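Enquirer: Got a sequence here, can you model it:
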Amino acid sequence: MKLLIVEDEVQLADALTEILKRNKYIVDTCYDGIDGLDNGLTGVYDCIILDIMLPGMNGIEVLRNLRQEKISTPVLLLTARSEIEDKINGLDTGADDYLTKPFVTDELLARIRALTRRKGEFIDESRMDYNGLLLNKNTSSVIWQGNDVKLSLKEYQIMELLITNPRQILPKERIIEKIWGYESDVEYNNIEVYISFLRKKLSVISAPVQIRTARGVGYSLE
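Expert: Below you'll find the predicted structure:
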């Protein structure tokens, strides 16, 4: 899953970025409200972690603009402990949840899981299921009937994207935006290499699913 952090405290933002990456999230980081809005308007994120006190444009203004542009991405506001009005204004403007500073990392991770959880998608917090094919976050592996194979980080992220969009053709552009970033110069053949790796690994465990190619468009899991 792809997250956006908008936080002007550089040390905190960078620490959160590393923590989330270690938990296998794809993360983009902005340090002011204007860049945060520009990134958020792309609509490629599964959740936005948004500080209220930001230079350029405060978090409430960023949130208001996102909702006015029909961006429905879940937003988790970061607020100062004493600012009750900020919390109320944020929720009224369209925030989905808020977390007060200072906060515990485990609580942040739990809030993100709650905001990004889709009905029926998760067996538990660490596994995703597609017709019996399991993707295990803790072990970075894909499992079929007890047989498992390890995945690299990029393989895991692409597989997660395919499982959360079953039977849908994912355009190559969207895969690049989600996995490598909106301004990445990654070429299509990079995706083709990882898709090839994934197909071989699915074959190794005899998984009865296929990553199909929609020629000139993208890929789907069926």
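Enquirer: in which helix or strand would I find the closest residue to residue 94 other than its chain neighbours?
Expert: Counting by C-beta to C-beta, 6 or more residues apart in numbering, residue 67 is the residue found nearest to residue 94 once chain neighbours are left out, at 4.0 Å. Using the backbone N, CA and C atoms, a C-beta is placed for each residue, glycine as well. Assessed by DSSP states H and E, residue 67 sits inside helix 59-68.
Enquirer: Pull out the CA atoms of that helix and give them to me as CSV.
Expert: Only the C-alpha atoms of helix 59-68 are listed here, as CSV (Å, rounded to 0.1, in the frame of the first residue of the first chain):
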residue,chain,number,x,y,z
GLY,A,59,-3.4,20.8,7.0
ILE,A,60,-7.0,21.8,7.3
GLU,A,61,-6.7,23.8,4.0
VAL,A,62,-5.0,20.9,2.4
LEU,A,63,-7.8,18.6,3.5
ARG,A,64,-10.5,21.0,2.4
ASN,A,65,-8.9,21.2,-1.1
LEU,A,66,-8.6,17.4,-1.4
ARG,A,67,-12.3,16.9,-0.5
GLN,A,68,-13.4,19.7,-2.8
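Enquirer: what sits up against the biggest helix by length in the chain?
Expert: The single longest helix within the chain, with elements called by DSSP state H, is helix 188-204. The set of residues external to helix 188-204 that reach it, using C-beta atoms under 8 Å, 6 or more residues apart in numbering, is 142, 144, 147, 149, 151-152, 154-155, 158-159, 172, 175-176, 180, 209-211, 213, 219.
Enquirer: what do you get for stretch 167-178?
Expert: 2, 26, 42, 44, 157-158, 161-162, 184, 186, 188, 191, 214, 217-222.
Enquirer: Which members of those occur in strands, if any?
Expert: Residues of the contacts of stretch 167-178 located in strands (DSSP state E): 2, 26, 214, 218-221.
Enquirer: so what's residue 189 scoring on pLDDT?
Expert: Here, the pLDDT recorded for residue 189 equals 87.
Enquirer: That one - how many residues pack around it?
Expert: 7 (other C-beta atoms under 10 Å).
Enquirer: Ok, residue 202 next?
Expert: 20.
Enquirer: re the thing from before, so which of the contacts of helix 188-204 are in strands?
Expert: Judged by DSSP E, the contacts of helix 188-204 include 142, 144, 147, 149, 211, 213, 219 as members of strands.
Enquirer: residue contacts, the closest residue to the first one other than its chain neighbours?
Expert: Translated: residue 142. Closest residue to residue 142 apart from its sequence neighbours, by C-beta to C-beta, 6+ apart: residue 135 at 5.5 Å. Applying C-beta under 8 Å, 6+ apart to residue 135 gives the contacts 127-129, 141-143, 156, 159-160, 163.
Enquirer: next one: residue 23
Expert: Counting by C-beta under 8 Å, 6+ apart, residue 23 has contacts 109, 137.
Enquirer: Now that we're looking at it, what pLDDT does it have?
Expert: Residue 23 is given a pLDDT of 90.
Enquirer: do the same with the one 4 residues further on
Expert: Confidence at residue 27, expressed as pLDDT, is 93.
Enquirer: With residue 134 instead?
Expert: So residue 134 comes in at 92 (pLDDT).
Enquirer: Also residue 95?
Expert: pLDDT, residue 95: 91.
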